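Engineer: build me a structure from this.
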Amino acid sequence: MVSTSPLVQAHGHGHGHGYGQGVVLHPAEPFTALAHGIGSQHDLPISPFYAFAGAFAALFVSFLALGLLWSTSRFRGEHSGLALPAALQRAADAPATRTTLRGLGLAAALVVLLHLLLGPDDPARNPAPGAVYVLFWVGLVPASLLLGPVWRLLNPLRTLHRLLARALRRRSATAHHPLPVRLGLWPAAAGLFGFTWLELVSPDPASTTTLLIALAAYTTAQLLLAARFGESWFADGDAFEAYSALLARLSPLGRRSDGRLVVRNPFHGLDATPERPGLVATVCVLLGSTAYDGFSDRPSWINTLQTSPLGRTPTATLGLLGSIALVATLYCLCAAATRLVSGPHPGPLTAFAHSLVPIALGYLTAHYFSLLVVEGPRTVIMAVGTDNASEPAPPLGPGGLAALQVIAVVTGHVLGVIAAHDRSVRLFPPAKAVAGQLPLLTLMIIYTIGGLSLLLN
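Structural biologist: The predicted model follows:
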């Protein structure tokens with residue numbers, strides 16, 4: 001496997017898709033790819049036996065301990081948290097603070113746009129693709145986890161909508177039409193699928209032309225929909241706001257139902273995740289696309305793409321859809337089995353969807369940690385025009401990286417088991433609460449096997 005990109009060389013292997021020149025399996029058949037961090041390293045120095053044994057032990061021990069020691073619900077959603085000082089909240093909510101953050105978000109978007117318009121069409125010399133696929137897409141994970149739903153404050157689309165509304169002398173926060181309740185998070189799920197398709201499937205995702213077309217189309221659609229439904233559209237309709245808000249459910253910073261800014265147990269925030277249409281689809285897009293990213297660089301799959309009579313892009317699209325559909329099907333089967341074991345319950349499909357969020361976070365951390373800490377600084381160095389700067393070195397060796405991967409995946413599943421158990425003892429009678437979790441435990445084991453297999457095999 002020959003690697004031709006600085007991105008690929010930084011990680012030792014080519015990875016499925018994305019920006020940059022990538023894996024070349026045959027000199028006559030170049031295959032564009034992105035070294036998506038550790039997702040492509042299948043020769044990590046850790047024994048699969050010990051990884052799987054440790055994962056299963058952690059899941060079973062946590063399940064048994066919860067069944068014995070956790071008989072009543074302990075999470076209180078948005079009613080919990082230690083209030084931060086009032087002065088800190090006033091500063092955080094001050095109009096000047098909000099205006100500054102909106103200005104920073106708009107300025108950053110304009111810088112990226114200028115690089116796309118005026119910079120070279122080469123990801124090795126243009127920081128715009130790295131800004132989109134690494135600093136923004138991957139960097140939004142730790143930012144939301146640590147600080148809350150930050151994209152709501154930085155979103156340049158919100159700022160553009162307000163400026164346009166002001167120019168047209170219309171109230172930006174007032175919708176002409178109410179958002180249909182049944183719409184829920186479905187627009188966000190569709191938007192996330194579109195972005196992951198662009199990154200993982202499209203023929204040339206790092207091309208400045210491709211990015212400009214995608215950004216122009218997305219911006220136009222969002223502004224038109226916001227003009228119809230008002231600024232409230234962005235909370236659910238903008239894929240990245242919904243993505244940031246969903247991950248922020250696990251942030252130690254949050255707001256109580258009375259509006260106070262608080263420090264809280266992240267499980268309380270996770271428990272407050274609204275059970276809305278499209279929630280399951282949104283989480284399954286995150287899980288399924290990350291899974292597809294993990295196996296898309298396998299030689300067998302690359303050979304399938306190159307030999308498929310449908311062509312590379314349609315085949316890759318079907319692969320991405322199939323991965324998401326598999327994750328969703330397994331979850332729906334689990335929900336049906338839970339209903340069968342524990343008895344009817346209104347809305348079981350969404351009742352436990354929040355427990356998939358820490359699993360998605362674990363997969364995102366395992367797959368993209370290395371990408372962020374290596375390619376993020378490289379993108380910044382490129383953007384500021386620093387010449388003769390040494391390439392950032394990976395912060396962890398192969399052993400440390402393998403340990404981080406396994407720990408992230410297993411921890412995500414254990415946190416999911418805890419969240420599901422608390423919801424189960426709240427919803428079901430005591431005699432059926434533990435039995436009702438068996439389908440969920442089975443689902444966690446299947447997801448764990450799949451996740452670790454992608455990382456270690």
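
Engineer: helix, strand or coil: sort out residue 396 for me.
Structural biologist: coil (DSSP: H, G, I helix; E, B strand; the rest coil).

Engineer: and the closest residue to it other than its chain neighbours, what element?
Structural biologist: Nearest residue to residue 396, sequence neighbours excluded (Cβ to Cβ, 6 or more residues apart in numbering): residue 404, at 6.4 Å. In this view, the C-beta of every residue, glycine as well, is placed from N, C-alpha and C. Element membership for residue 404 (DSSP states H and E) is helix 398-427.

Engineer: which strands or helices does whichever helix or strand comes after that helix pack on?
Structural biologist: The helix or strand immediately downstream of helix 398-427 is helix 430-433, counting by DSSP H and E. Contact analysis of helix 430-433 by 3 or more Cβ pairs under 8 Å, 6 or more residues apart in numbering; DSSP states H and E lists helix 312-342 as its packing neighbours.

Engineer: centre-most residue in the chain?
Structural biologist: The centroid of the chain falls nearest to residue 286 when counting by Cα atoms, centre = their mean (5.3 Å).

Engineer: dump the residue contacts of that one.
Structural biologist: Neighbour list for residue 286: 192, 243, 360, 363, 364 [criterion: Cβ atoms under 8 Å, 6 or more residues apart in numbering].

Engineer: quick check: buried residues in the helix or strand where residue 226 lies?
Structural biologist: For residue 226, the host element (DSSP H and E) is helix 208-229. Using 16 or more other Cβ atoms under 10 Å as the test for burial, helix 208-229 gives 208, 210, 211, 214, 215, 218, 222, 225, 226, 227, 229.

Engineer: so which of those is the closest to residue 155?
Structural biologist: For the buried residues of helix 208-229, the minimum distance to residue 155 (Cβ to Cβ) is 9.5 Å, reached by residue 222.

Engineer: and the residue nearest to the centre of the chain, its phi and psi?
Structural biologist: The phi/psi pair for residue 286 (degrees, to the nearest 10) reads phi -60, psi -50.

Engineer: repeat for residue 205
Structural biologist: Torsion angles, degrees, to the nearest 10, at residue 205: phi -70, psi -20.

Engineer: let's see if you can find the most crowded of the contacts of residue 286.
Structural biologist: For those, the largest neighbour count, defined by other Cβ atoms under 10 Å, is 28 neighbours, found at residue 363.

Engineer: helix, strand or coil: sort out the nearest residue to that residue once chain neighbours are set aside for me.
Structural biologist: Counting by Cβ to Cβ, 6+ apart, residue 290 is the residue found nearest to residue 363 once chain neighbours are left out, at 4.6 Å. Under three-state DSSP, residue 290 falls in the helix class.

Engineer: correct me, but residue 290 touches residue 360?
Structural biologist: Yes: applying Cβ atoms under 8 Å as the test, residue 290 and residue 360 come out as touching, 7.2 Å apart.

Engineer: quick check: neighbours shared by the two?
Structural biologist: Contacts common to residue 290 and residue 360, judged by Cβ under 8 Å, 6+ apart, are absent.

Engineer: for residue 147, grab the count of nearby residues.
Structural biologist: Applying other Cβ under 10 Å, we find 14 residues neighbouring residue 147.

Engineer: now do residue 273
Structural biologist: Neighbour count for residue 273, taken as other Cβ under 10 Å: 20.

Engineer: and the gap between residue 179 and residue 234?
Structural biologist: 11 Å (Cβ to Cβ, to the nearest Å).

Engineer: find the nearest non-adjacent residue to residue 434, please.
Structural biologist: Computed as Cβ to Cβ, 6+ apart, the closest residue to residue 434 that is not its neighbour in sequence is residue 67, at 4.6 Å.

Engineer: shouldn't the one you found be within a helix?
Structural biologist: Yes: applying three-state DSSP, one finds residue 67 inside a helix.

Engineer: for the stretch 51-200 of the chain, which spans come out with low pLDDT?
Structural biologist: Scanning the stretch 51-200 of the chain for pLDDT under 70 picks out the ranges 170-176.

Engineer: so where do the strands sit in it?
Structural biologist: Secondary structure of the stretch 51-200 of the chain (DSSP state E, counting those that start in this stretch): strands located at 82-83.

Engineer: hmm, back to that, next one: the residue nearest to residue 434 from residue 433, what distance?
Structural biologist: Distance of residue 67 to residue 433, computed by Cβ to Cβ: 8 Å.

Engineer: neighbour count for the two, which is higher?
Structural biologist: The neighbour comparison of residue 67 against residue 433 (other Cβ under 10 Å) goes to residue 433, with 22 against 16.

Engineer: spit out the contact partners of the closest residue in space to the more buried one that isn't next to it in sequence.
Structural biologist: Leaving out its chain neighbours, the residue that sits closest to residue 433 by Cβ to Cβ, 6+ apart is residue 425, at 4.5 Å. Applying Cβ under 8 Å, 6+ apart to residue 425 gives the contacts 70, 71, 72, 73, 433.

Engineer: need the residues you listed in a markdown table (columns: distance to residue 282).
Structural biologist: Putting the contacts of residue 425 into a markdown table (distance: Cβ to Cβ, whole Å) gives the following:
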| residue | distance to residue 282 |
| --- | --- |
| 70 | 28 |
| 71 | 31 |
| 72 | 30 |
| 73 | 24 |
| 433 | 27 |
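
Engineer: keep only those of the residues you listed that are in helices.
Structural biologist: Members of those lying in helices (criterion: DSSP state H): residue 433.

Engineer: neighbour-wise, give me the winner out of the contacts of residue 425.
Structural biologist: residue 433 leads the contacts of residue 425 on contacts (other Cβ under 10 Å) with 22 neighbours.

Engineer: who touches that residue in this structure?
Structural biologist: If you count contacts by Cβ under 8 Å, 6+ apart, residue 433 has them with 71, 342, 424, 425.

Engineer: how near is it to residue 350?
Structural biologist: Per Cβ to Cβ, residue 433 is found 19 Å from residue 350.

Engineer: and residue 405, by the same measure?
Structural biologist: Per Cβ to Cβ, residue 405 is found 30 Å from residue 350.

Engineer: those two: who's more crowded?
Structural biologist: Neighbours per residue, other Cβ under 10 Å: of residue 405 and residue 350, the larger number sits with residue 405, 30 against 18.
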